[in-house]
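J.: A structural model of the following input is requested.
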Amino acid sequence: MHIALVTLFPEFFSAPLSVGLMGRAREAGILSFSLHNPRDRARDRHRRVDDRPYGGGPGMVMLPEPLADTLRDLGFGAEQDPGRLLLLSPAGRPLTQALARDLAGESSLTLICGRYEGIDARLADLFPLQAVSVGDFILSGGEAGALCLVEAVARLLPGFMGHDQSGEEESFSRGLLEYPHYTRPETFEGLAVPEVLRSGDHRRIALWRRRAALAATLRARPDLLSEADLDEEDRNFLRGLPLPRLGRNLYCGLVHYPVLDREGNSVAVSLTNLDVHDIARSSCAYGLGGYYVLTPLEDQRRLLEELLTHWTRGKGKTRNPHRARALSLVRAFDGIAEAAACLASASGQAPLVVGTTAGPAPGNLPVLSHARLAEILAERPVFLLFGTGHGLAPEAQALCHAFAPSLRRHGPCNHLSVRAAAAITLDRILGEWR
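T.: Below you'll find the predicted structure:
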């Protein structure tokens, strides 16, 4: 593979591309590199490669002419195919093991390392640029990101690794983090190497390593498990791990008062059988600590009690034990304040009350991402409120500490049923393995 690096600082790459496995791969002809400085194609005597942005603002933008001339020197824009053209940019596709594997199938790559505020946007109209990001952070330029991409791709090339199987067993190669590694001495500062690794039983060792990788991934990166290649034995092992389940700290509240009607008035609305059943089933599936139905209306509370009695203590329990288990999570309260106080008393910690809405959140309250709510669950209980009718009334919003993002705030239609909204929100917070 040949990799062309377009950079204003070619000296940045001198050492990293010459040492270790990378240096040996170059000597063996597995990889070759060329460095191209757009400053060499600058069109004025000062060799300028940047200028002020149109529209004003801080910083400078890389001029299009030196970059365009450099790319045309490399064959882009002509009839020949010089390979994939990649721009290191925070706005790009995330660099993953899957993308690295895809790029490793190319015979040549060209990487543009931007500087300043970036490159002139017209270059993306003139050349087949594919933006790639190495993470959600800011660097001074694309050179450091380019090194990450080069190494991720190079390690997948035949002959690059001393033992080709090593590349297949490393983190992310099979969708999982890597298992722990040990070497001599057998005991170090009172800590021994696990017995199974000293047993010589390769079948036991392989099973231990697989399970250790599964456990490590569940602890640190559960999001990877949704796309990992898991069999039923893997799933059974994961389900049996005694790890903390974040859902236990999440409580769902279905608010029937105060909510809005079509005219924007604060009203109380009636319970519906489907809302009670379906949100209870979602709460059970995601392991919630409880599901609270909030209504001050006595007749509605009696109706709820009859429903719960039938399914948790009556004939319904015998006929459908799964439904009985789900509905056992349901409790009735007059309102948000009473339920929150009860939750605080039971858990010993006041919950973070989080509202939901199909529209914009009240301007005075923060909007917490679903990922951030998952982090908070590790620290304190969260009471997540869903409004019936046309959403939470201002009196209910005033009792919230924050809001979750609306689910389809950028789409042309945002009119989900409360049952669907609850299920989607729980999944975005807790996912499959939390």
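J.: Pro194: what's it in contact with?
T.: Tyr182, Trp208 (C-beta atoms under 8 Å, 6 or more residues apart in numbering). Bear in mind the C-beta positions are built from the backbone N, C-alpha and C, glycine included.
J.: what separates it from Arg155, distance-wise?
T.: 27 Å (C-beta to C-beta, to the nearest Å).
J.: residues contacting the residue positioned nearest the centre of the chain?
T.: Nearest to the mean C-alpha position of the chain, by C-alpha atoms, centre = their mean, lies Asp223 at 6.3 Å. Residues in contact with Asp223 (C-beta under 8 Å, 6+ apart) are Gly431.
J.: what does Tyr116 give?
T.: Contacts here follow C-beta under 8 Å, 6+ apart; on that basis Tyr116 touches Asp50, Gly59, Met60, Val61, Met62.
J.: Can you flag which of the residues you listed belong to strands?
T.: Applying DSSP state E to the contacts of Tyr116, the entries found in strands are Asp50, Val61, Met62.
J.: What's the first helix or strand after whichever strand in the chain runs longest?
T.: Of all segments of type strand in the chain, defined using DSSP E, the longest is strand 84-94. For strand 84-94, the following helix or strand on the C-terminal side (DSSP states H and E) is helix 97-103.
J.: Neighbour-wise, give me the winner out of the contacts of Tyr116.
T.: When neighbours are counted by other C-beta atoms under 10 Å, Met62 leads these with 21 neighbours.
J.: Quickly list what that residue is bridged to.
T.: Applying DSSP bridges to Met62 yields these beta-bridge partners: Asp50, Ile119.
J.: how about stretch 146-160: buried residues?
T.: Neighbour-count burial for stretch 146-160, with 16 or more other C-beta atoms under 10 Å as criterion, is recorded at Ala146, Leu147, Leu149, Val150, Glu151, Ala152, Val153, Ala154, Arg155, Leu156, Leu157, Phe160.
J.: Over to stretch 187-200?
T.: Residues of stretch 187-200 classed as buried by neighbour count (16+ other C-beta under 10 Å): Leu197.
J.: the bottom helix or strand of this structure by mean pLDDT?
T.: Within the chain, no helix or strand scores below helix 164-169, which has a mean of 53 by mean pLDDT, DSSP states H and E.
J.: tell me what the longest strand of the chain is packed against?
T.: helix 97-103, strand 108-113, strand 129-133, helix 143-154 (3 or more C-beta pairs under 8 Å, 6 or more residues apart in numbering; DSSP states H and E).
J.: and of these, who's closest to His322?
T.: Among the helices and strands packed on strand 84-94, helix 97-103 comes nearest to His322, with 36.8 Å by C-beta to C-beta.
J.: Give me the residues contacting that closest one.
T.: Against helix 97-103 from outside (C-beta under 8 Å, 6+ apart): Arg84, Leu86, Arg93, Leu109, Val132, Leu149, Ala152, Val153, Arg155, Leu156, Phe172, Ser173.
J.: what distance separates it from the centre of its chain?
T.: Taking the mean of its C-alpha atoms, helix 97-103 sits 18 Å from the chain's own mean (C-alpha atoms, centre = their mean, to the nearest Å).
J.: same check, this time on stretch 378-396
T.: So, by C-alpha atoms, centre = their mean, the centroid of stretch 378-396 is 24 Å from its chain's centroid.
J.: Now do the end-to-end distance for it.
T.: Stretch 378-396 has an end-to-end distance of 25 Å (C-alpha to C-alpha, to the nearest Å).
J.: Now that stretch: buried residues?
T.: Within stretch 378-396, the residues that qualify as buried are 381-393, 396, counting by 16+ other C-beta under 10 Å.
J.: Would you mind giving the secondary structure of the residue of the chain most remote from its centre?
T.: Distance from the centre of the chain peaks at Arg45, with 47.8 Å (C-alpha atoms, centre = their mean). Under DSSP: H, G, I helix; E, B strand; the rest coil, the three-state class of Arg45 is coil.
J.: list the contacts for Leu294?
T.: Remark: with contacts taken as C-beta under 8 Å, 6+ apart, Leu294 is in contact with Gly253, Leu254, Val255, His256, Tyr257, Ala332, Phe333, Asp334, Gly335, Ile336, Ala339.
J.: taking those one by one, which sit in helices?
T.: Counting by DSSP state H, these place Ile336, Ala339 in helices.
J.: Could you export the contacts of Leu294 as CSV, including neighbour count?
T.: Shown next, in CSV, are those (neighbours: other C-beta atoms under 10 Å):
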residue, neighbour count
Gly253, 27
Leu254, 23
Val255, 28
His256, 22
Tyr257, 22
Ala332, 17
Phe333, 19
Asp334, 14
Gly335, 19
Ile336, 24
Ala339, 24
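J.: I'd like the contacts of Leu294 written out as CSV, with pLDDT and distance to Ala404 added.
T.: Shown next, in CSV, are these (pLDDT from 0 to 100; distance: C-beta to C-beta, whole Å):
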residue, pLDDT, distance to Ala404
Gly253, 98, 13
Leu254, 98, 15
Val255, 98, 14
His256, 98, 19
Tyr257, 98, 21
Ala332, 97, 23
Phe333, 98, 21
Asp334, 97, 24
Gly335, 97, 20
Ile336, 98, 15
Ala339, 98, 17
